[in-house]
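Chemist: Return a 3D structure for these sequence lines:
(2 chains)
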Amino acid sequence: MQAKESENKSKRDKSPLIWGLVFGILFGFLLQKGGATKYDVIIGQLLLTDFTVLKIMLSAVLTGMLGIYLMKTLGWVELNPKSGSMGINIIGGLIFGVGFAVLGYCPGTIVGAIGNGYLDALVGGLAGILIGTGIFAALYSRLKTGILKKGDFGNMTLPQLFKVNDWVVVVPVAVLIFLLLIWLERVGL
Amino acid sequence: MELLTEVRWTPYAVGIGIGILSWFSFLISREPISCSTSFARTSGGIERLFRGKKVELKPYYQEIKLVVGWQGMLVLGIVIGSLISALLSGDFHWQWVPSLWASAFGNSPVLRVIGALLGGVCLGLGARWAGGCTSGHGISGTLQLAVSSWISAICFFIGGILMAQFLFKVIG
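Modeler: Sure, this is the predicted structure:
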């Protein structure tokens, strides 16, 4: 699996950089149009008063999942799921969440916020993120053999975990997301 | 053209747009849309300016490599795309303190910058610890139905909701 991962990485590194810029411009444009570059919108989500962020994410996941799994079934694309463990994803996720609430931006939306003119993002948040990633790099060799290994499950997807055909998971997840979005609108959130 | 000058689109139009974007980034670049590795590379690159080449030998930088890659270009593109959108709709403005922050903690830019800095440290550490952020895990990973990404995304929101309640209901 390690060898496959690095093979995938080297294949991907050759992909033209210009496409990264093009996709970034479109992604940034969409994030700004959705209001996701704004502190008030993101904190509104975490305070459960404004569900814009969740609506954007769930409709992106619904659309993306159906297309990606269709293309996977047709043999056009390969999935590239990240490997993980309980120590990686639960602890890392909770630390991230605390930072998310204090900063009010995430790594993607903070660069969008900078494009929107928000100086707290540029001066405070960006510097903080760079320090935080530096701290992780300094701790990495100690974490790697300890807590990051706890409850390792590799780069598994939900269909692999349940040992079923992809669509047995894709269809119910799509229906659930769709119903959740309808419910959010019904209750006026 | 009027669409481009609107300040806000519905979240569904934006989400569907991001979903379609993810098809093409898989198809054309074989890359999921994700952001946080670029911050780690930038951080390592800055450290290298001060401490020299030996920084590259840190085990973590051996793994992610200190280069400007596809994802770095994506992150640069986000700044440009957001700027274009904000300029077209007249939504661009310089701002130090967001209004929701001001309503709880006052108008001081210094306090807000300190808060953003501390939050950023946690966010950067957490993003690398979890191996991804709201885009890499929250959108690109969950749409691939990756187990690691669903666990991470749920924990992002559990941590975020609890901390936001604490900040705004207990302290603010």
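
Chemist: What helices and strands are in contact with the strand or helix carrying A:Ala174?
Modeler: Element membership of A:Ala174 [criterion: DSSP states H and E] is helix A:166-186. For helix A:166-186, the elements it packs on are helix A:52-73, helix A:158-162, judged by 3 or more C-beta pairs under 8 Å, 6 or more residues apart in numbering or on different chains; DSSP states H and E. Quick note: C-beta positions are derived from backbone N, CA and C, even for glycine.

Chemist: so where do the helices sit in chain A?
Modeler: A:2-13, A:17-34, A:39-46, A:52-73, A:86, A:92-103, A:107-115, A:119, A:126-144, A:158-162, A:166-186 (DSSP state H).

Chemist: And the contacts of the longest one?
Modeler: With contacts defined as C-beta atoms under 8 Å, 6 or more residues apart in numbering or on different chains, helix A:52-73 is touched by A:34-36, A:41-42, A:44-45, A:77-79, A:166-167, A:170, A:173-174, A:177-178, A:180-181, A:184, B:11-12, B:14-16, B:18-20, B:22-23, B:26-27, B:134, B:138-140, B:142-145.

Chemist: if you look at the longest helix anywhere in chain B, does any of it touch chain A?
Modeler: Ranked by residue count and defined by DSSP H, the top helix of chain B is helix B:109-130. Yes - under the criterion of C-beta under 8 Å from any C-beta of the partner chain, helix B:109-130 makes contact with chain A via B:109, B:112-130.

Chemist: Among the residues you listed, name the buried ones.
Modeler: Of the members of the residues of helix B:109-130 next to chain A, the ones counted as buried by neighbours, 16 or more other C-beta atoms under 10 Å in any protein chain shown, are B:112-113, B:115-130.

Chemist: So what's the residue count around the residue nearest to B:Glu6 when sequence neighbours are not counted?
Modeler: In space, and not counting its chain neighbours, B:Glu6 is closest to B:Ser89: 6.1 Å by C-beta to C-beta, 6 or more residues apart in numbering or on different chains. A count of nearby residues for B:Ser89, using other C-beta atoms under 10 Å in any protein chain shown, gives 16.

Chemist: Ok, B:Ile46 next?
Modeler: Count around B:Ile46 with other C-beta under 10 Å applied: 14.

Chemist: tell me the contacts of it?
Modeler: B:Ile46 makes contact with A:Leu130, according to C-beta under 8 Å, 6+ apart.

Chemist: host element of it?
Modeler: Assigned by DSSP H and E, B:Ile46 belongs to helix B:36-51.

Chemist: Spatially nearest residue to A:Leu94 (excluding sequence neighbours)?
Modeler: For A:Leu94, ignoring the flanking residues on the chain, the nearest one in space by C-beta to C-beta, 6+ apart is B:Gly159 at 4.1 Å.

Chemist: ok, that neighbour to A:Leu148 distance?
Modeler: 18 Å (C-beta to C-beta, to the nearest Å).

Chemist: the more surrounded of these two?
Modeler: Between B:Gly159 and A:Leu148, counted using other C-beta under 10 Å, B:Gly159 has the larger neighbour count: 25 against 22.

Chemist: Local confidence estimate at the residue lying closest to A:Phe29 once chain neighbours are set aside?
Modeler: In space, and not counting its chain neighbours, A:Phe29 is closest to B:Gly81: 3.9 Å by C-beta to C-beta, 6+ apart. We have a pLDDT of 98 for B:Gly81.

Chemist: how about B:Gly81, what does it touch?
Modeler: B:Gly81 sits in contact with A:Gly24, A:Ile25, A:Leu26, A:Phe27, A:Gly28, A:Phe29, A:Leu30, A:Leu31, A:Gln32, A:Gly112, A:Gly115, where contact means C-beta under 8 Å, 6+ apart.

Chemist: Closest to A:Ile131 out of those?
Modeler: Nearest to A:Ile131 among the contacts of B:Gly81 is A:Gly112, at 20.6 Å by C-beta to C-beta.

Chemist: is it true that that closest one touches B:Ile80?
Modeler: No - counting by C-beta atoms under 8 Å, A:Gly112 stays clear of B:Ile80, with 10.1 Å between them.
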